[in-house]
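S.K.: Mind folding the following:
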Amino acid sequence: MLYVVATPIGNLKDITIRALEVLKEVDFVLCEDTRTSGNLLKHYDLHKELVSFNARMEEKKIDAVIKRLQDGETCALISDAGTPAISDPGVRLVNAAQKSGINVVGIPGANAAILALSIAGLPTDSFIFEGFLPQKKGRQKQLKKLAEEDRTIVLYESMYRIEKLINELNEFMPNRIIAIGRELTKKFEEIWRGFPNEILQSLSEHQLKGEFVVVIAPINWK
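M.R.: Okay, here's the model as predicted:
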């Protein structure tokens, strides 16, 4: 059995009872960073074998994980924050498990994109999730394509490139309302909303630390 378990995106209280029960019962836990996941398990007094399973190691470790599952062990796949395999490692493993006839069970919970959509006040009946844009090659092409998108757009961005992204949105989508969530569910959570040039002014007045979710309104929405 492979459990795909959502964990908190910041506030450690944002975990389900079912997720805690699964983490208590499984034989081992796959995680991006054993230190980050170790803190979560320690907080809830859970003592499990933690196996590092990040993007660099995923392909190399899949066969070994599948073998353990086929031998009857149970495993929980978690990410550093939120729902695994959503703009995070795990897709290849879930695919391999499905192909191998291993039962895959999802344990729902926190997800930064869905949370941001729920508080942005922008249309949610139809949206497109793009995760992180390419850092270099293909970035401008993707932005031009998104500028023609008539659905709400959700992006992730790091503190190192958030100003660059908002400058690009000001160039390609200057008349579209955007909402930005920083450090969602954490102590210093902040949310900005407005046109890109207005957001740039707000960002200049803050320390840009943490992770960001950017929600972009559809064309001609007011």
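
S.K.: Look up which helix or strand residue 42 falls in, please.
M.R.: Per DSSP states H and E, residue 42 falls inside helix 34-43.

S.K.: That helix: which residues count as buried?
M.R.: Going by neighbour count (16 or more other C-beta atoms under 10 Å), the buried part of helix 34-43 is 37, 40-41. Any C-beta I mention is one placed from the backbone N, CA and C, and that applies to glycine too.

S.K.: could you give the mean pLDDT of it?
M.R.: Taken as a whole, helix 34-43 carries a mean pLDDT of 96.

S.K.: tell me the mean pLDDT for stretch 178-197?
M.R.: On average, stretch 178-197 scores 94.

S.K.: Just put the buried residues of helix 34-43 in JSON lines and tack on distance to residue 76.
M.R.: Formatted as JSON lines, the buried residues of helix 34-43 follow (distance: C-beta to C-beta, whole Å):
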{"residue": "37", "distance to residue 76": "10"}
{"residue": "40", "distance to residue 76": "11"}
{"residue": "41", "distance to residue 76": "10"}
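
S.K.: ok, these vs residue 86, which is closest?
M.R.: Nearest to residue 86 out of the buried residues of helix 34-43 is residue 37 (C-beta to C-beta; 16.7 Å).

S.K.: So the closest one is in contact with residue 30, correct?
M.R.: No: applying C-beta atoms under 8 Å as the test, residue 37 and residue 30 come out as separate, 9.1 Å apart.

S.K.: Mind listing the shared neighbours of the two?
M.R.: residue 78 (C-beta atoms under 8 Å, 6 or more residues apart in numbering).

S.K.: picking up where we left off before, which other helices and strands does the helix holding residue 42 contact?
M.R.: Counting contacts by 3 or more C-beta pairs under 8 Å, 6 or more residues apart in numbering; DSSP states H and E, helix 34-43 is packed against strand 28-31, strand 49-52.

S.K.: Beyond the longest helix seen in the chain, next helix or strand please.
M.R.: When the chain is parsed with DSSP state H, its longest helix is helix 58-70. On the C-terminal side of helix 58-70, the closest following helix or strand by DSSP H and E is strand 75-77.

S.K.: now the angle between helix 58-70 and the helix or strand following that following strand, please.
M.R.: Following strand 75-77 in sequence order, the next helix or strand is helix 91-99 (DSSP H and E). For helix 91-99 against helix 58-70, the angle by axes from the mean of the first three to the mean of the last three C-alpha atoms, to 10 degrees is 30 degrees.

S.K.: and helix 91-99, what does it pack onto?
M.R.: Counting by 3+ C-beta pairs under 8 Å, 6+ apart, the packing neighbours recorded for helix 91-99 are strand 2-5, helix 58-70, strand 104-107.

S.K.: tell me what the second one is packed against?
M.R.: Other elements packing on helix 58-70 under the criterion 3+ C-beta pairs under 8 Å, 6+ apart are strand 75-77, helix 91-99.

S.K.: Provide the count of other residues in contact range of the nearest residue to residue 177 once chain neighbours are set aside.
M.R.: Counting by C-beta to C-beta, 6 or more residues apart in numbering, residue 217 is the residue found nearest to residue 177 once chain neighbours are left out, at 4.2 Å. By other C-beta atoms under 10 Å, 22 other residues sit near residue 217.

S.K.: ok, back up a step: which of the helices and strands packed on helix 91-99 sits most buried?
M.R.: Most buried of the helices and strands packed on helix 91-99, by mean neighbour count (mean count of other C-beta atoms under 10 Å): strand 2-5, with a mean of 25.
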